[in-house]
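**Student:** turn this into a structure:
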Amino acid sequence: MFQYIYLSVKENAHSPVRRLLPLMLAAALLLPSLPVCAEEEKTSETGFFLDTVITITLYGDTDSTAMNGCFDLLDEYENMLSRTVEGSDVWNVNHSGGEPTEVSEETAYLIETALYYSELSDGAFDITITPLVELWDVQSKASQVSEGETTEEALASGLIPSDEEIEEALLHIDYTTVSCEGTTVTLSDPDAEIDLGGIAKGYIADCLEEYLLSAGIESALINLGGNVQTVGTKPDGSSWKIGIQKPFGGSSDIITVVECTGESVVTSGTYERYFEVDGIIYHHILDPNTGYPADNGLVSVTILADSSTICDALSTTCFVLGLEDGLDLIESIDGVEALFITEDETMYRTSGFPED
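**Tutor:** Predicted coordinates:
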C-alpha cells in the first residue's frame, strides 16, 4: 500500500485565468492509500495557471501563509512570463518590433537558459517556436474536428495548416535571432516571437520549492500540469511515488511508478493535446525543423532530475530528438535520467532511471 501521484503530460501554453477549477480536471490525481499520510494534517489547493490545472499540497501543521504565498508567486510569474498576458516581459519582447527590450533578471535568466538548451539540441528546443504554435493551435482545434473528416477537408478548412503556411512560419523560427545581454533582449528578426512555455513551468516549480523550504515546509507536492516537484519526503519519511500515465490510457491508468525525494518528474507526451484526422494524430509537440508535430515513434518522454527547469526543457528536447539521440543526450548529462515510451508502449530507460 502506498500513495502516488498520477503524472499526466505537461502542457506548454500560458493563460491568465485564475484559480479553483474542479479537481477532476486536474492533470494530476492524488490517490491516497497510505494511512500515515491520511492521518497527517495537510492543505491542498487547486487552481488554473499557465493554461493548466495545478495542485499544491502541503503536509504538516501549517497556516494559510505558505499556500497563499505559492499562489501569489504563480500570479507573479504568469504576469511576467506568459506570452499572452499583455505587458508581460515576454509579451513586451514579442511586440517590440525588434527593438531592444528590458526584462526582469529572472526573465533574462530563463531566456538564457532556454537558449542554452536550444544550442545544446541544435534547435530541437527553440523558444522562437511561437509562429508554429499559433498556426497549429492544437488545443483549440481539438474541439473542431468533425467525425469522419478527411485530410482534404481538414486542409480546406484550415484545421491542418498548408505546406505554404508552415514554410512561412519556419522563416521566423531560429533561436539564434534572440540575443540577451544582461537584462536587454533583442530579436534580430522583428517578426519572430519567443515562447517560454517549454521551460517556464519547470522554473516556477523550482521557485515554489525554494519558497516552501524557506518557509519551513518539509513535506509538499507541487503539480503544475504534469510538472511534478516533490518537496522533501512523505510525512513518514519515505519516498514519494509518482505514477506515469499509460499513453492513451484511462485517467488513472499507470504504466510505471517512479520513487523520488526532493526531485522533479516531468513528462512530455502526445496523448493529451491532440486531434486526429484520417487516423493521423496531430499533437502539440512541434518539431522546429519540419514545422509539423514530431513524428519519430515516441508517445512520451519523462525526465527525472533535481531541477524542474532542466526536466522541463529536456522533456521537450528529447521528444523532438527521438529515442536514440534523446537517450544519448541524457546519458551525457550528470544527474539527469529519462524514460522513453514508444508507440508500442515499449519503455526505454537511461542507465540510472529507477525500475518500479
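
**Student:** how close does Val299 get to Val266?
**Tutor:** Separation of Val299 from Val266 (Cβ to Cβ, to the nearest Å): 15 Å. Every residue, glycine included, has its C-beta placed from N, CA and C.

**Student:** tell me which of these two has more neighbours.
**Tutor:** Neighbour count, other Cβ atoms under 10 Å: between Val299 and Val266, Val266 has more, with 29 against 21.

**Student:** how much space separates Ser214 from Glu263?
**Tutor:** Taking Cβ to Cβ as the measure, Ser214 falls 19 Å from Glu263.

**Student:** compare these two (neighbour count), which wins?
**Tutor:** For Ser214 and Glu263, the more surrounded residue by other Cβ under 10 Å is Glu263, and the numbers stand at 21 against 10.

**Student:** can you map out the helices along the stretch 201-350 of the chain?
**Tutor:** For the stretch 201-350 of the chain, the helices defined by DSSP state H, counting those that start in this stretch occupy 308-321, 323-331.

**Student:** in TSV, list these along with distance to Gln245, mean pLDDT and mean neighbour count.
**Tutor:** As requested, those are exported to TSV (distance: least, Cβ to Cβ, whole Å; pLDDT from 0 to 100; neighbours: other Cβ atoms under 10 Å):
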stretch	distance to Gln245	mean pLDDT	mean neighbour count
helix 308-321	14	96	28
helix 323-331	19	97	18
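
**Student:** quick one: which of the ones you listed is nearest Tyr116?
**Tutor:** Tyr116 lies closest, by Cβ to Cβ, to one member of the helices of the stretch 201-350 of the chain: helix 308-321, at 8.5 Å.

**Student:** and the longest helix anywhere in the chain, what's buried?
**Tutor:** If you go by DSSP state H, the chain has its longest helix at helix 64-81. Judged by neighbour count using 16 or more other Cβ atoms under 10 Å, the buried positions of helix 64-81 are 66-67, 69-71, 73-74, 77-78, 80-81.

**Student:** contacting residues around it?
**Tutor:** Under the contact criterion Cβ atoms under 8 Å, 6 or more residues apart in numbering, helix 64-81 has outside partners 14-16, 18-19, 43, 45, 47, 49-50, 54, 56, 58, 85, 87-90, 104, 106-107, 110, 196, 200, 203-204, 207-208, 211-212, 215, 217, 222.

**Student:** ok, stretch 165-173 next?
**Tutor:** With Cβ under 8 Å, 6+ apart, stretch 165-173 has contacts from 126, 128-129, 131-132, 135, 161, 189, 191-193, 288, 291-292.

**Student:** out of those, who has the most neighbours?
**Tutor:** That'd be Asp126 among these, by other Cβ under 10 Å, with 29 neighbours.

**Student:** could you grab the helix/strand/coil label for that one?
**Tutor:** Assigned with DSSP: H, G, I helix; E, B strand; the rest coil, Asp126 falls in the coil class.

**Student:** could I get the contacting residues of it?
**Tutor:** 118, 173-175, 288.

**Student:** find the pair from these with maximum spatial separation.
**Tutor:** Farthest pair in the contacts of Asp126, by Cβ to Cβ: Ser118 and Ile173, 10.7 Å.

**Student:** from the contacts of helix 64-81, which ones fall inside helices?
**Tutor:** Those of these mapping onto helices are 89-90, 106-107, 110, 200, 203-204, 207-208, 211-212, per DSSP H.

**Student:** can I get the residues you listed in a markdown table with pLDDT?
**Tutor:** Shown next, in a markdown table, are the ones in helices among the contacts of helix 64-81 (pLDDT from 0 to 100):
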| residue | pLDDT |
| --- | --- |
| Asp89 | 98 |
| Val90 | 97 |
| Glu106 | 97 |
| Thr107 | 98 |
| Leu110 | 97 |
| Ala200 | 94 |
| Tyr203 | 96 |
| Ile204 | 96 |
| Cys207 | 97 |
| Leu208 | 97 |
| Tyr211 | 96 |
| Leu212 | 96 |
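
**Student:** perfect, that will be all.
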